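In: quick one: sequence and predicted model below, then my questions.
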Amino acid sequence: MTDEPPAAAQRAAAAQRAAACGEGPAWAEQLRDSFAAAKADLGDADESGPGWDDWSVRAERVVREPGRAQRGDRIRLAALATCAAACLYPPASRGAAAGRLARLVAHRADYAPDVVEPAAALARLADLPREMREPGPRLWAASLEVDTAELAAVANLAGEGGTDALDRFEDLCRRGRCWARPAEPWPLSADVPPDVRRWVLGAIVVGECASEDEAQALAEAFLTGRRAPSAGLLVVTVGIPGSGKTTWIERHLGRELIISMDRMREATLGDASDQSQNELIYRRSIFAIASALDAGKRAVFDATNYDRERRAMLRRVAARADARVVMIYFDVSLDEALRRNLGRARTVPCDVVRLAYRRLDPPRPDEADDVLVVSPAWAEARHWRFGRDRWVWDARPAADVAAAIG
């Protein structure tokens, strides 16, 4: 906590945010320090790359771009991180590295999730306008995370595509029905309910549907095979160690059935900190979740769940039980997570926290019926729902957590 008066603290935070976007006095030096510190936390930097002098030239172009004031902070942060990654990382890992850089610097500049996560996703996907040749699952999945028009703006600012490439990208997006809006590559019948639309879209973006007929057939099969509405509900926490998941869950959902990896380790191995049998503990946790949902019960899975592919198993388990899925994303900076971790009775190795931060995949709206976003930057959780709030910056305040979860 700071001892500064609120006005002074707000001015300091504003100055830090301005520096992160290339504004204010000494912005270049502050940005250089931020990205240099990021190398230590994120790793994998390529010291043989062109280095900071070349990065400064590229960053200057981003910051001095005409019309810069009209561009959102998330666009500038993403473009600057893309420029830095091009100078620090080998091509094969550049996109992922740019996303991590953008998230780290945005967090350190005290931005809220509605800037942090779009900036990270835009930076990670900045090479897409140059690479895409036809509409397809990768493009549709990207449109669920970012505004594709903003993605083109980032690519343009960062020098990731010429005019022809950007024009082609816009044309591809319009053909794929995802220019400046989330994907709807093949419109389904009007009588298909929102939860089925979500599952079909999830199948499309992972490549399980390749045509409009297949998408409609999947929706019809889902509707034909579904049982009576289930009372089952699965709440899934998503966040790195030290992000406050367990404390928040116990405060707001303490009366629910909580299935915790730590509790399962304690019951199975006699030690909640024993990481030697994680696959066994995960399988037992999944079995407990499936048993609860099949019985029409509500369950909270308290674990990091920061990997999107890993979360796919949870979605399949819920789908088999016709249960709703709510994900709660805990947006916390790496610095704050490390600080909290060191203050706990049972700490996690700091390298484990850093690794989780590097691999973090925030929820996409096609993964759950509802998403709650919890952040120190917001006084209360915010509600983000498929079919209503399709991008995180549209999330609405949710003063009543129980009502938001249902």
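Out: Received, thanks.
In: for stretch 200-212, what does the pLDDT average out to?
Out: Mean pLDDT, computed over stretch 200-212, is 84.
In: ok, the spatially closest residue to Pro135 that is not a sequence neighbour - contacts?
Out: Of all residues not flanking Pro135 in the chain, Gly176 sits nearest, at 3.1 Å (C-beta to C-beta, 6 or more residues apart in numbering). Quick note: C-beta positions are derived from backbone N, CA and C, even for glycine. Each residue near Gly176 by C-beta atoms under 8 Å, 6 or more residues apart in numbering is listed here: Pro135, Gly136, Leu139, Trp140, Ser143, Ala183, Pro185.
In: now those residues in a markdown table, with distance to Gly270?
Out: Below are the contacts of Gly176 laid out as a markdown table (distance: C-beta to C-beta, whole Å):
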| residue | distance to Gly270 |
| --- | --- |
| Pro135 | 53 |
| Gly136 | 49 |
| Leu139 | 49 |
| Trp140 | 46 |
| Ser143 | 47 |
| Ala183 | 47 |
| Pro185 | 50 |
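In: centre of this protein to the edge, which residue is at the far end?
Out: Of all residues in the chain, Gly270 has its C-alpha farthest from the mean position, at 33.6 Å, by C-alpha atoms, centre = their mean.
In: which strands and helices lie in contact with the helix or strand hosting Leu166?
Out: Using DSSP states H and E, Leu166 maps to helix 163-175. Applying 3 or more C-beta pairs under 8 Å, 6 or more residues apart in numbering; DSSP states H and E, one finds that helix 163-175 contacts helix 128-131, helix 137-145, helix 148-157.
In: which residues touch that helix?
Out: Residues contacting helix 163-175 (C-beta under 8 Å, 6+ apart): 128-130, 132-135, 139, 143, 148-149, 152, 155-156, 161, 179-180.
In: filter the residues you listed down to the buried ones.
Out: For those, a burial check counting by 16 or more other C-beta atoms under 10 Å picks out Leu128, Pro129, Met132, Pro135, Leu139, Ser143, Thr148, Ala152, Ala155, Asn156, Gly161, Trp179.
In: where does this protein dip in pLDDT?
Out: By pLDDT under 70, the weakly predicted segments of the chain are 1-7, 9-10, 25-28, 30, 34-56, 65-71, 160-161, 225-230.
In: could you chop it up by domain?
Out: Per the record, the chain has its domains at 14-175, 194-225, 233-405, by automatic domain parsing.
In: check the buried ones among the contacts of helix 163-175 and tell me the two furthest apart.
Out: Spatial extent of the buried ones among the contacts of helix 163-175 (C-beta to C-beta) is set by the pair Pro135 and Asn156 at 20.3 Å.
In: tell me the contacts of Cys209?
Out: If you count contacts by C-beta under 8 Å, 6+ apart, Cys209 has them with Trp186, Val200, Ala203, Ala215, Leu218.
In: of those residues, closest to Asn305?
Out: Ala203 (20.7 Å).
In: that closest one falls within a helix, correct?
Out: Yes. Assigned with DSSP: H, G, I helix; E, B strand; the rest coil, Ala203 falls within a helix.
In: next, the residue lying closest to it once chain neighbours are set aside: secondary structure please.
Out: Once flanking residues are discounted, Ala203 sits nearest to Cys209: 5.0 Å by C-beta to C-beta, 6+ apart. At Cys209 the chain is in coil, as set by three-state DSSP.
In: name the SS class of Thr304, please.
Out: Assigned with three-state DSSP, Thr304 falls in the coil class.
In: may I have the phi/psi pair for it?
Out: For Thr304, the backbone dihedrals (degrees, to the nearest 10) come out as phi -70, psi -50.
In: before we move on, what about Trp384?
Out: phi -140, psi 120.
In: correct me, but it touches Asp394?
Out: Yes. Under the criterion of C-beta atoms under 8 Å, Trp384 makes contact with Asp394 at 7.0 Å.
In: tell me how many other residues surround Ser333.
Out: Applying other C-beta atoms under 10 Å, we find 23 residues neighbouring Ser333.
In: now it, nearest residue through space, not along the chain?
Out: Closest residue in space to Ser333, ignoring its immediate chain neighbours: His107 at 3.5 Å, by C-beta to C-beta, 6+ apart.
In: element containing the one you found?
Out: For His107, the element it lies in under DSSP H and E is helix 94-108.
In: check Val235 too.
Out: Using DSSP H and E, Val235 maps to strand 233-238.
In: how far does that strand sit from its chain's centre?
Out: Put simply, strand 233-238 sits 15 Å off its chain's centre (C-alpha atoms, centre = their mean, to the nearest Å).
In: if I look at Val154, how far off is Gly99?
Out: Applying C-beta to C-beta, to the nearest Å, the value for Val154 to Gly99 is 11 Å.
In: try Glu23
Out: As judged by C-beta to C-beta, Glu23 and Gly99 stand 22 Å apart.
In: same drill for these two, tell me which one is more crowded.
Out: Gly99 (25 against 16).
In: tell me the spacing between the residue lying closest to the more buried one once chain neighbours are set aside and Glu117.
Out: Spatial nearest neighbour of Gly99, chain neighbours left out: Arg124 (3.0 Å); criterion: C-beta to C-beta, 6+ apart. Arg124 sits at a distance of 11 Å from Glu117 (criterion: C-beta to C-beta).
In: just Ala402 next, same as before
Out: Distance of Ala402 to Glu117, given as C-beta to C-beta: 25 Å.
In: kindly report the same for Arg284.
Out: Arg284 is 32 Å from Glu117, where distance means C-beta to C-beta.
In: more neighbours: which of these two?
Out: A side-by-side neighbour count of Arg284 and Glu117, using other C-beta under 10 Å, places Glu117 first with 28 against 17.
In: give me the element that one is part of.
Out: Assigned by DSSP H and E, Glu117 belongs to helix 113-124.
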